[in-house]
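1. Below are the sequence and a predicted model for it; my questions follow.
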Amino acid sequence: MTEIERIKQEGWLPENFWAEEIRDEYFVSAEMKKVWAIEMDLYREVTRILNKHNLRYFTDGGTTLGGVRHKGFIPWDDDLDICVPREDYEKLHQLANEFKDPYFLQSTVTDPEYGYSFMRLRNSNTSVVVKPFTHAMFNQGIYIDIFPLDNATMEDIAPRMQKIEKLIHKNSAYMRKNFPQKSENDLQKIKEFLDPNMKPIDVWNEINKEATADNGIETGYWSTIVTTIFAPSKNIFPKSIFDSYKDIPFESISIRVPAGFHELMTIYYGNYMEFPPVEKRGNWHSLEFYPEIPYKQLYKEMFGIEY
């Protein structure tokens, strides 16, 4: 039984969810609906563990925006993100063994060749192809991102993010070093950032050391500082935003957003209820999804890689 067959059998998604459709003038394929289903299933699983242990969490970024503006996924988006206050993030990390196959809580501690700066929950019975990281030997199932919320100040957010970004580049170079079709950009990144004296776990530890540098003082602000997608000014938020939460509809499930989501979305996106122009409604991730094939099988067939 594939993961899609299992989810359909469980019945928590209505029959009409699975069909291709036009949403907000954007075509959503039946295949993307399968990816969304896998990601919602991952959200249900990680929040089951978080709720079981009374750990705090909220959706983040485009997931919160999708829930608020679309009551589901942004039609041109393909991922799902949550954020967890650092204390509870570390507790979740310690609970990795509570996730049973096909679920896998991924960090560089649980998966030594994994070179990202935050945890992911993966479904091992699915596959995602991210070039040029196809030959990095870590779990390559479809995932949701789990970001820690760490203390920061308006004064130190920018220089600390710069330090973390340099460390992220080191692991990015490490993960692409065995890719057989390296571009000029890949070769340049490897030349500039690959450090033979540092393994991914060393970089993971350095990133988390920098990310938690302010956690011993009360700053009044949180940041998802381990990721440098947003500019520093858009990656620091008053903690009061997260004082409580609100459960809102998202497709056929509900998601937990911070009660101060309006302030958070404004920091991230400005006038967040305004849609981008039609010509800019497109997927911004370069990913290939295979929601019905285990990554070990796909990577053997596609790349000759044996895990």
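-> That came in fine, so what should we check first?

2. after the longest helix anywhere in the chain, next one along is what?
-> Longest helix of the chain, by residue count under DSSP state H: helix 30-52. Downstream of helix 30-52, the first helix or strand assigned by DSSP states H and E is strand 58-59.

3. Remind me what that following strand packs against, helices and strands.
-> Using 3 or more C-beta pairs under 8 Å, 6 or more residues apart in numbering; DSSP states H and E, the elements in contact with strand 58-59 are strand 81-85, strand 253-258. Just so you know, the C-beta spots here come from the backbone N, C-alpha and C atoms, and that holds for glycine as well.

4. Just say which of those is most tucked in.
-> strand 81-85 (a mean of 23; mean count of other C-beta atoms under 10 Å).

5. per-residue confidence averaged over that strand?
-> The pLDDT scores in strand 81-85 average 98.

6. Kindly report the same for stretch 59-67.
-> 97.

7. contacting residues around that stretch?
-> Applying C-beta atoms under 8 Å, 6 or more residues apart in numbering, the contact partners of stretch 59-67 are 58, 72-74, 77, 79-83, 145, 147, 224, 248-250, 255-258, 261, 264-265, 268-269, 272.

8. now do 7 Å
-> Stretch 59-67 has contacts (C-beta atoms under 7 Å, 6 or more residues apart in numbering) with 72-74, 77, 80-83, 147, 224, 248, 250, 255-257, 261, 264-265, 268-269, 272.

9. Residue 19 touches residue 30, doesn't it?
-> Yes - between residue 19 and residue 30 there is a contact at 6.3 Å, judged by C-beta atoms under 7 Å.

10. Neighbouring strands of the helix or strand hosting residue 145 in the sheet, and parallel or not?
-> Secondary structure assignment for residue 145, by DSSP H and E: strand 142-151. Paired with strand 142-151 in the same sheet, following DSSP bridges, are strand 81-85 (parallel), strand 119-123 (antiparallel), strand 221-223 (antiparallel).

11. That strand relative to helix 30-52, how many degrees between them?
-> If you take axes from the mean of the first three to the mean of the last three C-alpha atoms, to 10 degrees, strand 142-151 sits at 50 degrees to helix 30-52.

12. Just checking, which helix or strand succeeds strand 142-151 along the chain?
-> helix 157-176.

13. quick one: buried residues of that next one?
-> Across helix 157-176, burial judged by 16 or more other C-beta atoms under 10 Å covers 157, 160-161, 163-164, 167-176.

14. and for that helix, what are the contacting residues?
-> Contacting residues not belonging to helix 157-176 are listed as 115, 117, 132-133, 136, 152, 186, 189-190, 193-195, 198, 200, 203, 206-207, 210-211, 213, 223, 225-226, 228, 232, 235-236 [C-beta under 7 Å, 6+ apart].

15. Please apply the same query to stretch 6-14.
-> Outside of stretch 6-14, the residues within contact range by C-beta under 7 Å, 6+ apart are 37, 41, 252.

16. shaky segments in the stretch 151-300 of the chain?
-> Counting by pLDDT under 70, the stretch 151-300 of the chain contains low-confidence residues at 283-285.

17. ok, back up a step: out of the contacts of helix 157-176, which are inside strands?
-> residue 223 (DSSP state E).

18. measure residue 103 to residue 33 for me?
-> Using C-beta to C-beta, to the nearest Å, we find residue 103 at a distance of 21 Å from residue 33.

19. Then residue 76?
-> Counting by C-beta to C-beta, the gap from residue 76 to residue 33 is 14 Å.

20. That'll do, ta.
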